[in-house]
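**Student:** quick one: sequence plus predicted model below, questions after.
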Amino acid sequence: MERTFVMLKPDCVQRNLVGRVITCFEEKGYKIVGLKMLRLSREMAEEHYAEHRGKPFYEALVAHITSGPVVAMVIEGKGVIAAVRQMMGSTNPLEAAPGTIRGRFGVDVGRNVVHGSDGPASAAREVALFFRPDELISYRREDERWVYEDP
Ligand code: DAT
Ligand code: MG
């Protein structure tokens, strides 16, 4: 089953939206297989956002993501990588569709609430950056046959 990495950013935590955002993924039918709160070091933030190094917003991005605790998660399910990207909405919350997480909960691009891996390669990389294998739990959920035709 496919897995993706999701991070609830410091603005999400500070605005008490952690439960609301996690609920979006739970309600969809996806399964949380890893979950922790942590505060990113500068080194960790630089590694996570390596692809953005040198861009005009890079310093502000690293400053924000290290500014307070985040909630890191691994979510599992059919098509979860692309679906989470769709559920988050566009990077700029003002351009994100109203029903998406960023569309519902965000305004500024530098406070866009949530991070989600943008493809299979980044999902694998980001999951491994934040979680040891023994921190990911494989388990059966009782509602699986009501979410999937062929669980
Ligand atoms: P996404 O988070 O949708 O994958 P991204 O990977 O292009 O978007 O950028 C990572 C984060 O950097 C994004 O969530 C918010 C910030 N960011 C991106 N583009 C920005 C911009 N033009 N101005 C300010 N911050 C930006
Ligand atoms: Mg990205």
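**Tutor:** Perfect, I can see it now. Numbers count the residues shown, from 1 in each chain. Ligands and ions are numbered 1, 2, ... in the order given.
**Student:** number of nearby residues for Leu40?
**Tutor:** 23 (other C-beta atoms under 10 Å). To be clear about C-beta, it is placed using only N, CA and C from the backbone, and glycine gets the same treatment.
**Student:** now swap in Met1 and tell me
**Tutor:** 12.
**Student:** check Arg140 too.
**Tutor:** Arg140 has 7 nearby residues by other C-beta under 10 Å.
**Student:** do the same with Phe131
**Tutor:** 19.
**Student:** skipping its backbone neighbours, what lies nearest it in space?
**Tutor:** Closest residue to Phe131 in three dimensions, ignoring its sequence neighbours and counting by C-beta to C-beta, 6 or more residues apart in numbering: Gly34, at 4.9 Å.
**Student:** what's that neighbour sitting at in phi/psi?
**Tutor:** When quoted as degrees, to the nearest 10, the phi and psi of Gly34 stand at phi -160, psi 140.
**Student:** which residues touch it?
**Tutor:** Ala72, Met73, Val74, Val127, Phe130, Phe131, Glu135, Leu136, Ile137 (C-beta atoms under 8 Å, 6 or more residues apart in numbering).
**Student:** hmm, try it at 10 Å
**Tutor:** 3, 5-6, 72-76, 127, 130-133, 135-137 (C-beta atoms under 10 Å, 6 or more residues apart in numbering).
**Student:** likewise for Phe5?
**Tutor:** 34, 48, 72-75, 81, 84, 115-117, 122-131.
**Student:** is it true that it lies in a helix?
**Tutor:** No. Remark: Phe5 does not belong to a helix; assigned using DSSP: H, G, I helix; E, B strand; the rest coil, it is strand.
**Student:** for ligand 1, see how far away it is.
**Tutor:** 11 Å (C-beta to the nearest ligand atom, to the nearest Å).
**Student:** now, of the contacts of Phe5, which are buried?
**Tutor:** 34, 48, 72-75, 81, 84, 115-117, 122-123, 125-127, 130-131 (16 or more other C-beta atoms under 10 Å).
**Student:** many thanks, we can stop here.
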